[in-house]
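A.B. asks: Please find the sequence and the predicted model below.
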Amino acid sequence: MALTARRSLATLALLVSNAILFAGPIGSCCSAAEAQKLNVLLIAADDLNNSLGCYGHPQVKSPRLDELAARGVRFDRAYCQFPLCNPSRASFLTGLRPDQTGVLENATQFRKNVPDVVTLPQLFQQNGYFVARVGKLYHYGVPTQIGTSGLDDPPSWQQTINPRGRDKDDEDKIFSLVPGQFGGTPSWLAAEGEDDEQTDAKGASAAIKLLEEHKDEPFFLAVGFYRPHTPYVAPKKYFDEYPRDELNLPKQKEGDRDDIPQPAVAQHSARHNMDEKLTREATQAYLASITFMDQQVGKLLDALDRLKLRDNTIVVFLSDHGYHLGEHGGLWQKQSLFEPSARVPLIISAPGMKSSGKGTKQIAELIDVYPTLAELCGLKAPENLPGKSLKPQLEDVSAPSKGFALTQVRRGVGGGGKGKAKGKAKTEGGAFPGYSLRTDRFRYTEWDGGEKGVELYDHENDPQEFHNLASDPDYKDEIAELSQQLHALVRAAKGGEGRP
């Protein structure tokens with residue numbers, strides 16, 4: 001199929017809502033009885049930033065996701081709670097903040113800390129839905145654990161499918177900046193063969209089969225794609241869509257890091273030090289993987305239309321976190337608290353909503369997805385969820401929201417992906433937290449409660465976060481107010497414990 005970049009006709013705006021307590025039904029596009037008949041197709045990409053046509057990227061070809069955005073609401077300012085796979089996925093699938101799940105790295109299965117939590121898919125099971133997973137929803141290592149269940153949560157699903165494709169068999173052909181390492185290091189392959197041989201295509205086919213088998217009963221189907229997570233593997237034809245010498249690379253500012261605290265740029269992904277040639281090669285591969293993944297999403301959308309399920313199925317598309325492509329002097333991958341790492345794509349298409357084809361400026365968090373789907377389907381969500389339903393923005397993109405998002409990471413020994421999660425301000429081994437509060441205008445960040453650095457960026461005048469205003473006396477009042485709000489949110493997530 002020819003690849004064309006069909007951009008969404010909606011003018012870009014900045015999107016969706018975020019808050020701290022579950023709100024009950026707020027206006028309804030259908031009655032509770034009708035709402036309970038709605039199906040859910042939850043589609044998750046892995047390590048995808050906002051490099052999509054519908055989000056205004058001038059080069060990325062994402063026609064099928066652009067199509068979904070044209071039929072849904074695009075949340076232009078949606079944020080993850082922790083820019084690392086396991087903490088983020090445990091968070092949005094339980095509806096809890098990372099400090100509530102205690103999952104702050106890639107090693108802990110969340111039920112060790114919150115054994116009785118009712119996950120989002122469990123809620124639908126409890127209400128008579130067929131609930132299944134295809135691919136990566138909860139965390140497991142990519143590519144090492146492709147084809148396995150990794151840190152899956154068996155109580156969440158009635159059926160699971162772990163696709164495995166040619167990308168696993170071709171690992172010896174993959175180029176890596178660190179030979180033999182793929183999951184945490186930029187690595188890529190322009191693959192031989194066709195789409196259908198790749199893991200994500202096999203996952204799409206398995207999901208379509210489940211749609212065909214369960215189209216006559218209420219279903220909650222979660223489909224997790226592996227791309228564009230490194231290694232960036234896609235058939236060669238997708239690489240051809242992005243000539244390297246024509247790619248736009250991130251704008252850099254001389255002396256950018258001079259006013260940035262060291263922990264802000266200390267994540268492992270900052271150590272790659274790629275030159276321009278490698279940066280272009282990696283960027284080409286990353287964008288090719290996006291377009292390949294986009295085509296697999298399109299297969300699911302086509303199946304919904306063929307099976308006449310569009311009119312009674314909510315479709316949610318999201319990524320677990322954002323991704324750096326060289327910003328701020330060469331940051332790559334995730335685990336920063338800057339906008340490219342914390343911000344995520346979020347598109348929701350629900351039958352009967354009034355804002356189809358539009359974007360919203362309201363801020364949203366991934367933890368808002370749980371209460372949103374519960375409300376849209378007429379289900380009672382757990383009362384302890386800190387997220388807020390986004391249904392008001394689905395009805396009216398200008399509807400006000402709480403107006404903030406909280407994102408966190410860890411630094412220090414044990415802070416980058418290993419070690420035992422404690423959920424405390426400081427942990428054994430010297431790990432310490434970073435918390436970032438995103439409001440309509442500002443991003444405010446504290447490292448170790450401010451002891452290891454503070455950042456303030458004015459997104460109204462500095463959307464690329466080049467100028468840290470934390471030491472500017474003209475902003476002392478804003479800093480005091482934002483710090484107070486951030487500390488209150490962190491204490492609430494920790495059940496009232498201490499400072500962040």
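C.D. replies: Received the coordinates, thanks. Residues are numbered from 1 along each chain as shown.

A.B. asks: Please save the CA atoms from stretch 192-200 in CSV.
C.D. replies: Extracted C-alpha coordinates of stretch 192-200, given in CSV (Å, rounded to 0.1, in the frame of the first residue of the first chain):
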residue,chain,number,x,y,z
GLU,A,192,14.6,-7.7,4.5
GLY,A,193,11.2,-9.1,3.8
GLU,A,194,7.6,-7.9,4.3
ASP,A,195,5.5,-6.3,7.0
ASP,A,196,3.8,-9.6,7.9
GLU,A,197,7.1,-11.2,9.0
GLN,A,198,7.6,-8.6,11.8
THR,A,199,6.4,-9.0,15.4
ASP,A,200,4.1,-6.0,15.2
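
A.B. asks: What are the buried residues along that stretch?
C.D. replies: Under the neighbour-count criterion of 16 or more other C-beta atoms under 10 Å, stretch 192-200 has 195, 197-200 buried. Just so you know, the C-beta spots here come from the backbone N, C-alpha and C atoms, and that holds for glycine as well.

A.B. asks: what bridges to T313?
C.D. replies: As for beta bridges, T313 partners with N39 under DSSP bridges.

A.B. asks: Please name the nearest non-neighbouring residue to F182.
C.D. replies: Nearest residue to F182, sequence neighbours excluded (C-beta to C-beta, 6 or more residues apart in numbering): P231, at 4.6 Å.

A.B. asks: Who are the contact partners of that neighbour?
C.D. replies: Contacts for P231 (C-beta atoms under 8 Å, 6 or more residues apart in numbering) come out as 143, 167, 171, 174, 176, 182, 187-189.

A.B. asks: what pLDDT does K402 get?
C.D. replies: At K402, the pLDDT value in this model is 92.

A.B. asks: Kindly reformat the contacts of P231 as CSV containing secondary structure and pLDDT.
C.D. replies: Shown next, in CSV, are those (DSSP: H, G, I helix; E, B strand; the rest coil; pLDDT from 0 to 100):
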residue, secondary structure, pLDDT
P143, coil, 90
D167, helix, 96
E171, helix, 94
I174, coil, 96
S176, strand, 94
F182, coil, 83
S187, strand, 95
W188, strand, 97
L189, strand, 97
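
A.B. asks: Buried subset of these, written for ChimeraX?
C.D. replies: Only the buried entries of the contacts of P231 go into this ChimeraX selection, using 16+ other C-beta under 10 Å:
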select :143,167,171,174,176,182,187,188,189
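
A.B. asks: in the chain, which spans are helices?
C.D. replies: Per DSSP state H, the chain carries helices over the ranges 32-35, 63-70, 85-94, 98-101, 120-126, 166-169, 199-214, 236-240, 276-306, 327-330, 339-342, 369-376, 391-395, 476-493.

A.B. asks: Report the buried residues of the longest one.
C.D. replies: Neighbour-count burial for helix 276-306, counted by 16+ other C-beta under 10 Å, picks out 279-301, 303-304.

A.B. asks: tilt between that helix and helix 199-214?
C.D. replies: Per axes from the mean of the first three to the mean of the last three C-alpha atoms, to 10 degrees, the angle that helix 276-306 makes with helix 199-214 is 10 degrees.

A.B. asks: Show me how far stretch 166-175 is from its chain's centre.
C.D. replies: Distance, stretch centre to chain centre, for stretch 166-175: 26 Å (C-alpha atoms, centre = their mean, to the nearest Å).

A.B. asks: Now that stretch: buried residues?
C.D. replies: By neighbour count with 16+ other C-beta under 10 Å, stretch 166-175 contains the buried residues 166-167, 170-171, 174-175.

A.B. asks: wait, which of the residues you listed is closest to A207?
C.D. replies: Checking these against A207 by C-beta to C-beta gives D167 as the nearest, at 17.6 Å.

A.B. asks: That closest one touches I146, doesn't it?
C.D. replies: Yes: with contact defined as C-beta atoms under 8 Å, D167 counts as touching I146 (7.4 Å).

A.B. asks: got any residues that touch both of the two?
C.D. replies: Shared contacts of D167 and I146, defined by C-beta under 8 Å, 6+ apart, are found at 199, 226.

A.B. asks: Excluding covalently adjacent residues, which one is nearest to I347?
C.D. replies: Distance criterion C-beta to C-beta, 6+ apart; nearest residue to I347, sequence neighbours excluded, is F317 at 4.5 Å.

A.B. asks: Relative to P98, how far out is the one you found?
C.D. replies: In this view, F317 and P98 are 22 Å apart by C-beta to C-beta, to the nearest Å.

A.B. asks: which one of these two has more residues nearby?
C.D. replies: Neighbour tally, F317 and P98, criterion other C-beta atoms under 10 Å: the higher count belongs to P98, 30 against 27.

A.B. asks: That one reaches F92, doesn't it?
C.D. replies: No: judged on C-beta under 8 Å, P98 makes no contact with F92 at a distance of 10.4 Å.

A.B. asks: which neighbours do these two share?
C.D. replies: Jointly contacting P98 and F92 under the rule C-beta under 8 Å, 6+ apart are Q81.

A.B. asks: Surely V134 and A206 touch.
C.D. replies: Yes: with contact defined as C-beta under 8 Å, V134 reaches A206; the gap is 5.1 Å.

A.B. asks: Spit out the residues that contact those two alike.
C.D. replies: Both V134 and A206 are in contact with 161, 163, where contact means C-beta under 8 Å, 6+ apart.

A.B. asks: okay, these two: which has more neighbours?
C.D. replies: Shown here are V134 and A206; by other C-beta under 10 Å, V134 has more neighbours (27 against 17).

A.B. asks: For the more buried one, list each beta-bridge partner.
C.D. replies: Listed by DSSP bridges, the beta-bridge partners for V134 are I161, V223.

A.B. asks: roughly how far apart are it and D46?
C.D. replies: Distance, V134 to D46, using C-beta to C-beta: 13 Å.

A.B. asks: Likewise for T119?
C.D. replies: Distance, T119 to D46, using C-beta to C-beta: 19 Å.

A.B. asks: What of F239?
C.D. replies: 19 Å.

A.B. asks: ok, now D256?
C.D. replies: According to C-beta to C-beta, D256 and D46 sit 28 Å apart.

A.B. asks: which of the two has more neighbours?
C.D. replies: For the pair D256 and D46, the greater number of neighbours falls to D46 (24 against 18), based on other C-beta under 10 Å.

A.B. asks: My read is that that one contacts G224, right?
C.D. replies: Yes: if you go by C-beta under 8 Å, D46 and G224 touch, sitting 7.0 Å apart.

A.B. asks: how long is stretch 254-264 end to end?
C.D. replies: Distance between the two ends of stretch 254-264: 17 Å, counting by C-alpha to C-alpha, to the nearest Å.

A.B. asks: How far away from the center of its chain is it?
C.D. replies: That offset, for stretch 254-264, works out to 25 Å (C-alpha atoms, centre = their mean).

A.B. asks: Likewise for stretch 373-381?
C.D. replies: With C-alpha atoms, centre = their mean as the basis, stretch 373-381 stands 21 Å off its chain's centre.
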